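Asker: Take this sequence and fold it.
(chains A, B, C and D)
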There are 2 protein chains.
Amino acid sequence: MMQGGRTETGGGESLLFLTDEQLRKGIEAMYFAYRAFTADPDRILENYEYGRAHHRAIHFINRQPGLTVNTLLTMLGVTKQSLNRVLRTLVEDGLVEARVGRRDKRERNLFLTEKGSALERDLSEAQRARMRAAYRSAGPAAVTGFRQVLEAMMDPEIRRHYLSMKDGAP
Amino acid sequence: MMQGGRTETGGGESLLFLTDEQLRKGIEAMYFAYRAFTADPDRILENYEYGRAHHRAIHFINRQPGLTVNTLLTMLGVTKQSLNRVLRTLVEDGLVEARVGRRDKRERNLFLTEKGSALERDLSEAQRARMRAAYRSAGPAAVTGFRQVLEAMMDPEIRRHYLSMKDGAP
DNA sequence: GATTTTATGTCAGTGATGTTGACTTTCCAA
DNA sequence: TTGGAAAGTCAACATCACTGACATAAAATC
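Answerer: Prediction:
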């Protein structure tokens, strides 16, 4: 049975953090933390008729103003039909502006309106408050480790996108 | 405007990791990593007619064999109606056994059957493989920080449950 | 100039997951 | 014995994802 077995590859004591039990705890930690992580913005979104998908779209449009639908599609990893439904309501409600591309008129460049920016700030401040508290309680060294593990966990193509977005360390 | 502002509370350079930009990167890291984290088991579940909710139920029943429906409910944070639909299919398909409680016959104690254990191993091995690779590439110190931040991010009641589950450090 | 490819939008149908609300059954405990 | 907790059930509904098919416009290519 593989269940309950250790996963050391012969490296000795320094690999104790790679036991199946340790990995399972990590899996549970990811699950529980992510749930808390999404709970705060979800509470805000209940007041509107929006869901998590709207939040994601708003987040990335704020991070890369003018990005195209296709780029957003890649980052969100959903189908265009799914994203389109979300974008349509956001444009209709005046939170997002979709400007026809200047060079390539097939493209739509997406921007947040002032109203969209306001919601973005609300949502992200709720999320940042939790992240800030967690960072503060864990300390800078832990935060570095946190980011390292998360980055190593991402799919390579997505990690490229992630790393290319503007960073807080100038 | 609060947007783009720093969040230092006067502590000086040691709090640079708490800038809004750093927090936003952390938020994105969580999102992208979690997506990768769930992608592997999701691929396996496509072959069955199960979804992520079934995976979660199977995971926790494996971790705490004999747990009651109510305990599982608390850990999953869903309604009993939602969980019931999932549990019913798992029991019907012979992956989960729901034994009437010995002391309190209203309760149901949940166990994985051999068939259920087999699927659990498949699913969790896929997830552990990614976690193992990330841990290995980031190293033990990073893993400690990773866990610290995630634990600080959880809701307190859930963290209690999380910490009370068996740990890999004996 | 005609054809193909690309970017986007739209409509229809489906499935998994979640919700609320109302109700029943079982059965422990005051 | 009665009240209430635990569990299960049924119904209706919303969100968010998917696939598949099709439309439009513009760029790219032949």
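
Asker: Contacts only, for the residue nearest the centre of chain A.
Answerer: Geometric centre of chain A, nearest residue: A:R56, 7.1 Å, by C-alpha atoms, centre = their mean. Contact analysis of A:R56 by C-beta atoms under 8 Å, 6 or more residues apart in numbering or on different chains lists A:76, B:31. For glycine as for every other residue, the C-beta is placed from the backbone atoms N, C-alpha and C.

Asker: Mind checking the pLDDT average for the strand or helix carrying it?
Answerer: According to DSSP states H and E, A:R56 maps onto helix A:52-63. Helix A:52-63 shows a mean pLDDT of 92.

Asker: Do that helix and DNA strand D come into contact?
Answerer: Yes. Using C-beta under 7 Å from any atom of the strand, helix A:52-63 reaches DNA strand D at A:52-54, A:56.

Asker: what about A:A36, distance to B:R159?
Answerer: As judged by C-beta to C-beta, to the nearest Å, A:A36 and B:R159 stand 9 Å apart.

Asker: wait, I meant A:T71
Answerer: 37 Å.

Asker: Then A:L110?
Answerer: Per C-beta to C-beta, A:L110 is found 38 Å from B:R159.

Asker: Those two: which is more packed in?
Answerer: A:L110 (26 against 18; other C-beta atoms under 10 Å in any protein chain shown).

Asker: list the contacts for that one?
Answerer: A:L110 makes contacts with A:61, A:65-69, A:72, A:87, A:96-99, as judged by C-beta under 8 Å, 6+ apart.

Asker: In the lowest-mean-pLDDT helix or strand in chain A, which residues are buried?
Answerer: When the helices and strands of chain A are compared on mean pLDDT, DSSP states H and E, helix A:156-164 comes out lowest with a mean of 88. Across helix A:156-164, burial judged by 16 or more other C-beta atoms under 10 Å in any protein chain shown covers A:158-159, A:161-162.

Asker: Please see if that helix touches chain B.
Answerer: Yes. Judged by C-beta under 8 Å from any C-beta of the partner chain, helix A:156-164 and chain B are in contact via A:158-159, A:162.

Asker: Stretch A:92-104 now?
Answerer: No. Stretch A:92-104 lies apart from chain B when judged by C-beta under 8 Å from any C-beta; the minimum separation is 15.3 Å.

Asker: what comes up buried for that stretch?
Answerer: Those would be A:93, A:95-98, for stretch A:92-104 by 16+ other C-beta under 10 Å.

Asker: So is that stretch next to DNA strand D?
Answerer: Yes. Stretch A:92-104 reaches DNA strand D (C-beta under 7 Å from any atom of the strand) through A:103-104.

Asker: Just the terminal-to-terminal distance for stretch A:131-146.
Answerer: Stretch A:131-146 has an end-to-end distance of 12 Å (C-alpha to C-alpha, to the nearest Å).

Asker: tell me the angle of the host helix or strand of A:E21 relative to helix B:52-63?
Answerer: Using DSSP H and E, A:E21 maps to helix A:20-47. Interaxial angle, helix A:20-47 versus helix B:52-63 (axes from the mean of the first three to the mean of the last three C-alpha atoms, to 10 degrees): 140 degrees.

Asker: Which positions in helix A:20-47 come out as buried?
Answerer: Buried residues in helix A:20-47, counted by 16+ other C-beta under 10 Å: A:20-38, A:40-42, A:44-45.

Asker: What helices and strands are in contact with it?
Answerer: helix A:52-63, helix A:114-138, helix B:20-47, helix B:52-63, helix B:114-138, helix B:140-153, helix B:156-164 (3 or more C-beta pairs under 8 Å, 6 or more residues apart in numbering or on different chains; DSSP states H and E).

Asker: And the ones you listed: which comes nearest DNA strand C?
Answerer: helix B:52-63 (3.3 Å; C-beta to the nearest atom of the strand).

Asker: From DNA strand C, how far off is whichever residue of chain A sits closest to DNA strand D?
Answerer: Residue of chain A nearest DNA strand D, by C-beta to the nearest atom of the strand: A:G51 (0.9 Å). A:G51 sits at a distance of 11 Å from DNA strand C (criterion: C-beta to the nearest atom of the strand, to the nearest Å).

Asker: ok, that residue - contacts?
Answerer: A:L45.

Asker: before we move on, back to that, from the buried residues of stretch A:92-104, which one has the minimum pLDDT?
Answerer: A:D93 (90).

Asker: Give the rounded mean pLDDT of the helix holding A:E21.
Answerer: Per-residue scores along helix A:20-47 average to 92.

Asker: likewise stretch A:128-136?
Answerer: Stretch A:128-136 comes out at a mean pLDDT of 95.
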